[in-house]
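[1] pasting the sequence and the predicted coordinates here, then a few questions.
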Amino acid sequence: MVYISPIGRNWGPIVNWDSLSKLYASIAIAWTAILTLGSAWLIKNRHLPFLRIRNIPLAIASVCFLHVYLIKILLAYTTNGHFLCSAEFWIMSIYLPFGIALFQANMVQLLSISTQQRKLLDGDRASIRKRSRNGQGISGLWSRWRALTALQKTYFGIGTGMFLQFVITAAIYGTSAKLQGHWGNIAKPQGQALCRKGPEWIPSALWQLFWCCIYGPYLLYKIRNVHDTHYWRTQTILCVVSGFPGAPLWLAAVFTPGTAWKWVNRYYIPPMWLAPGIFVMQACTIFFPIYEAYHQHRLNITTTNILRTWEDNKTWDDTTLGSGSPRMPMSQYRSNEMYTTAALEKVLLLNPNPLLHFAATKDFTAENILFLLAVRDWKAKWSRLRASPLPEPKPQVKKMLWREAIEIYAYGVSERYAEFPINIEWKIRSSLDNIFCDAVEVLRQEMVSNDSSTQACTANHEDIEAVGKESYESTQARDNDDEKFMAPEEFNEGVFDAAEKSIKYLVVTNTWRKFVTAMREGDPRVSVETFS
């Protein structure tokens, strides 16, 4: 039987345990269990490519901070005032703002990654040269600040805001006798009620107001042209819209005079107006990535079946299909062929720009395509050397190939230097680190001491193409013969083979599959000329 107390939350000596209180407690327990399971799944699968760019630790931290506050307000009706006002003040002034601040930092990754990926698309890739040019003093600090990405600057701003929030909260608490429990001759329950009304509580709602009314709409405006495949844009819209009415309604419920809100506040306490927005923020943060994983898995099964069917029928020809065979039509056969590695390799060779644009603007994986293209071009130089009449490449030619390989490693593989390191297995990355890591650092130090040598960082393409010609003499004169830049014995044409194979498989099963599917579904941003 449903029973709800007629007096509701009255700050009396007895806690509420009616049907409404049981409902609130059940929601708190069930939601905690659901979020715990979802968070555990994200932590277990945090190395998946589409989860790595989401910053899972930051996302879970924001959910945890918000959840502490959410549990407090869900159980406020049950406790009926038997929870210290001072403790609630700290929870609302620290856990709520910190949770929303961390959530903001997590959401701004969409804008930052989208911006950085477009820079990759435009060829604006941060170089190890730029990392070596920061000066000293104020000018050096300013150079370092300008070198930070939008995400890093946002992290700094949010971290500063969190620190100020803590300082302000401590100052308010330290100067408020009411928050410290000095209610004079007023009975404790009534004192607890009066303690929760006052300007001391307004700063705790500022983060919510700032997120929903200022920064959230600004972020929506900035990502208006982003149409990603990871549902970040949809997630951001839902979070901003759901949280928009929370803080204004909370302030109205607390500070509106008269009895307009009195009856509502008995059963739905003022901070509960923030709960819907918190629920949506937590759900989007935890379950959108899980849904993406499920969707990816389902599409992988479909793609695998398509490729298996294509492999089983790849020996057919037009004669077989034209003789009344019941097998698939040639149009479908060719459509399925587009999902294969061979089709990807053909596009990378003939017309990679549409795929690169798709990867940068929708899938945020442009670094993978750029790595494959860089390795392809680098291997092409080795092929030209093999075709030359010389028995083996001259030392200075191999040295230039070594320098270019260092650049490929620094731009695309190194977790220290690359803005978007490619997602390869640990063993492969460790092997490349052992070969290139020291060389990158030596090259960086050389650039610090002699900036003019930066032009020797990238292999001179004309020199490589002119194998055996006089131009090598001038090239040799320009190059520094210091042994610290000599290529190790394990350096050869196949140094990137394992990484290339791993990334090619990743592209075929993810970015390439999405690209082909978008083209088949008539996405205007994907051109069919890619396959011509």
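    Alright, I've got the coordinates.
[2] domain map for this protein?
    19-121+140-297, 322-531 (automatic domain parsing).
[3] can I get the ones you listed in TSV with mean pLDDT and mean neighbour count?
    To be clear about C-beta, it is placed using only N, CA and C from the backbone, and glycine gets the same treatment. Shown next, in TSV, are the domains of the chain (pLDDT from 0 to 100; neighbours: other Cβ atoms under 10 Å):
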stretch	mean pLDDT	mean neighbour count
domain 19-121+140-297	85	17
domain 322-531	75	17
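[4] how about CSV for those, with distance to residue 309 added?
    What follows is the domains of the chain, written out as CSV (distance: least, Cβ to Cβ, whole Å):
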stretch, distance to residue 309
domain 19-121+140-297, 19
domain 322-531, 6
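[5] nearest to residue 306, of the ones you listed?
    For those, the distance to residue 306 is smallest for domain 322-531, at 4.8 Å, taking Cβ to Cβ.
[6] tell me the SS of residue 40?
    With DSSP: H, G, I helix; E, B strand; the rest coil as the basis, residue 40 sits in helix.
[7] can you give me the end-to-end distance of stretch 359-368?
    End-to-end distance for stretch 359-368: 9 Å, by Cα to Cα, to the nearest Å.
[8] mind checking how far it is from the chain centre?
    From the chain centre to the centre of stretch 359-368 is a distance of 12 Å (Cα atoms, centre = their mean, to the nearest Å).
[9] next: stretch 9-22.
    That offset, for stretch 9-22, works out to 43 Å (Cα atoms, centre = their mean).
[10] same check, this time on stretch 487-498
    32 Å.
[11] repeat for stretch 234-251
    22 Å.
[12] can you list contacts of it?
    Contacts to stretch 234-251, defined as Cβ atoms under 8 Å, 6 or more residues apart in numbering, come from residues 103, 107, 110, 202, 205, 208-209, 211-213, 216-217, 219-220, 223, 270-271, 273-281, 284-285, 288.
[13] what does stretch 265-282 give?
    Outside stretch 265-282, the residues touching it (Cβ under 8 Å, 6+ apart) are 4, 7-10, 20, 31, 35, 62-63, 66-67, 69-70, 73-74, 76-77, 92, 96, 99-100, 103, 208, 212, 238-239, 242-247, 249-250, 253-254, 261.
[14] where does residue 487 sit, in terms of helix or strand?
    Using DSSP states H and E, residue 487 sits within no helix or strand.
[15] restricted to helices, list the contacts of stretch 265-282.
    Of the contacts of stretch 265-282, the ones assigned to helices by DSSP state H are 20, 31, 35, 62-63, 66-67, 69-70, 73-74, 76-77, 96, 99-100, 103, 208, 238-239, 242-243, 246-247, 249-250, 253-254.
[16] residue 409 is in contact with residue 499, correct?
    No. Using Cβ atoms under 8 Å, residue 499 is not in contact with residue 409, being 9.3 Å away.
[17] can you list residues touching both of these two?
    residue 432.
[18] next one: stretch 78-97 to chain centre, how far?
    For stretch 78-97, the distance to the chain centre is 33 Å (Cα atoms, centre = their mean).
[19] first-to-last residue distance for it?
    Start-to-end span of stretch 78-97 (Cα to Cα) is 24 Å.
[20] mind listing what residue 168 touches?
    Residues in contact with residue 168 (Cβ under 8 Å, 6+ apart) are residue 203.
[21] cool, residue 336 as well?
    Residue 336 makes contact with 306-307, 309-310, 328, according to Cβ under 8 Å, 6+ apart.
[22] which members of the residues you listed are positioned in strands?
    Among the contacts of residue 336, no member falls in strands (criterion: DSSP state E).
[23] dump those residues into a markdown table; add distance to residue 116 as well.
    As requested, these are exported to a markdown table (distance: Cβ to Cβ, whole Å):
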| residue | distance to residue 116 |
| --- | --- |
| 306 | 33 |
| 307 | 32 |
| 309 | 38 |
| 310 | 36 |
| 328 | 42 |
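[24] max pairwise distance over the residues you listed: which two?
    Distances among the contacts of residue 336 were taken as Cβ to Cβ; the most separated pair is 307 and 328, at 13.5 Å.
[25] select the longest helix from this protein.
    When the chain is scanned for its longest helix (criterion: DSSP H), the result is helix 275-313.
[26] CA-only coordinates of stretch 337-350 in CSV, if you can.
    Output of stretch 337-350 as CSV, limited to C-alpha atoms (Å, rounded to 0.1, in the frame of the first residue of the first chain):
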residue,chain,number,x,y,z
GLU,A,337,34.6,-5.6,-52.3
MET,A,338,34.8,-2.0,-51.2
TYR,A,339,35.2,-3.1,-47.5
THR,A,340,38.4,-5.0,-48.1
THR,A,341,42.0,-4.1,-47.3
ALA,A,342,42.8,-4.1,-51.1
ALA,A,343,40.2,-1.4,-51.6
LEU,A,344,41.7,0.7,-48.8
GLU,A,345,45.2,0.3,-50.3
LYS,A,346,43.9,1.4,-53.7
VAL,A,347,42.3,4.5,-52.2
LEU,A,348,45.4,5.4,-50.2
LEU,A,349,47.4,5.1,-53.5
LEU,A,350,45.1,6.9,-55.9
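[27] how about residues contacting that stretch?
    303, 306-307, 310, 314, 354-355, 369, 372-373, 376, 504-505, 507-508, 512-513, 516, 519-520, 530-531.
[28] which of these fall in helices?
    303, 306-307, 310, 354-355, 369, 372-373, 376, 504-505, 507-508, 512-513, 516, 519-520.
[29] strands along this protein, start to end?
    Secondary structure of the chain by DSSP E: no strands are present.
[30] what segments of the stretch 51-200 of the chain are helices?
    Under the criterion DSSP state H, counting those that start in this stretch, the stretch 51-200 of the chain contains helices at 56-74, 76-79, 85-90, 96-121, 137-147, 150-174, 188-195.
[31] relative to residue 298, which of those is closest?
    helix 56-74 (21.8 Å).
[32] now do the closest one: which elements does it pack against?
    For helix 56-74, the packing partners by 3 or more Cβ pairs under 8 Å, 6 or more residues apart in numbering; DSSP states H and E come out as helix 19-44, helix 96-121, helix 275-313.
[33] mind running it again at 10 Å?
    Helices and strands touching helix 56-74, by 3 or more Cβ pairs under 10 Å, 6 or more residues apart in numbering; DSSP states H and E, are helix 19-44, helix 85-90, helix 96-121, helix 275-313.
[34] distance to residue 163 added to those, as a markdown table?
    Formatted as a markdown table, the helices and strands packed on helix 56-74 follow (distance: least, Cβ to Cβ, whole Å):
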| stretch | distance to residue 163 |
| --- | --- |
| helix 19-44 | 26 |
| helix 85-90 | 16 |
| helix 96-121 | 10 |
| helix 275-313 | 22 |
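[35] out of those, nearest to residue 58?
    helix 96-121 (5.1 Å).
[36] would you mind measuring from residue 493 to residue 344?
    Separation of residue 493 from residue 344 (Cβ to Cβ, to the nearest Å): 21 Å.
[37] residue 250 now?
    Counting by Cβ to Cβ - residue 250 and residue 344 are separated by 53 Å.
[38] and residue 206, by the same measure?
    The gap separating residue 206 from residue 344 is 50 Å, by Cβ to Cβ.
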